[in-house]
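Student: Structure for the following, please:
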Amino acid sequence: MKLHLILLALLAAPLSAQTATPKLPPEVQTGLRCAALFSLVAGEQARQGARDWPPITQRGREFFVRISARAMDVGKLDRPALQALMRGEVAAVRKSETRAALKAPCLAMLDANIPVDRRRQP
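Tutor: Residues are numbered from 1 along each chain as shown. Sure, this is the predicted structure:
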């Protein structure tokens with residue numbers, strides 16, 4: 001369990017391009033990074049890509065809404081500040097090596113926060 005928290009904290013470490021970002025708890029920063037990744041993957045899935053991921057659109061959207069609201073509350077962010085922060089996260093996760101490293105921890109975070117509704121599975 002401690003290793004999982006350490007990994008999340010490492011993933012949440014701000015990138016050098018984001019030094020002006022507000023201080024957010026590591027789990028919120030990691031959540032924002034995962035939300036950015038889920039947005040990119042959902043877009044790819046809509047275009048028939050990212051088949052190595054489970055369906056992410058609905059759960060990813062809900063995760064995005066929840067973590068965005070939490071970031072705004074905890075970080076006292078307004079909408080433009082959140083949008084700027086998310087643009088930075090999207091730029092960071094566009095790098096393929098970052099995406100590969102984030103896949104497992106982000107899917108674990110998604111499952112912990114937005115469980116799969118087995119009743120809706122085909």
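
Student: which stretches of this structure form helices?
Tutor: 2-12, 26-46, 57-75, 79-93, 96-113 (DSSP state H).

Student: okay, those, which one's buried deepest?
Tutor: Sort the helices of the chain by mean neighbour count, taking mean count of other C-beta atoms under 10 Å, and helix 26-46 sits at the top with a mean of 21. For the C-beta atoms, the positions are set from N, CA and C on the backbone; glycine is no exception.

Student: and the helices of the chain as JSON lines, adding mean pLDDT?
Tutor: Compiled in JSON lines, the helices of the chain are given as follows (pLDDT from 0 to 100):
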{"stretch": "helix 2-12", "mean pLDDT": "46"}
{"stretch": "helix 26-46", "mean pLDDT": "95"}
{"stretch": "helix 57-75", "mean pLDDT": "96"}
{"stretch": "helix 79-93", "mean pLDDT": "94"}
{"stretch": "helix 96-113", "mean pLDDT": "92"}
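
Student: Could you find the closest non-adjacent residue to E89?
Tutor: A36 (3.8 Å; C-beta to C-beta, 6 or more residues apart in numbering).

Student: how far away is that neighbour from A108?
Tutor: 16 Å (C-beta to C-beta, to the nearest Å).

Student: P25 too?
Tutor: On the measure of C-beta to C-beta, P25 and A108 end up 18 Å apart.
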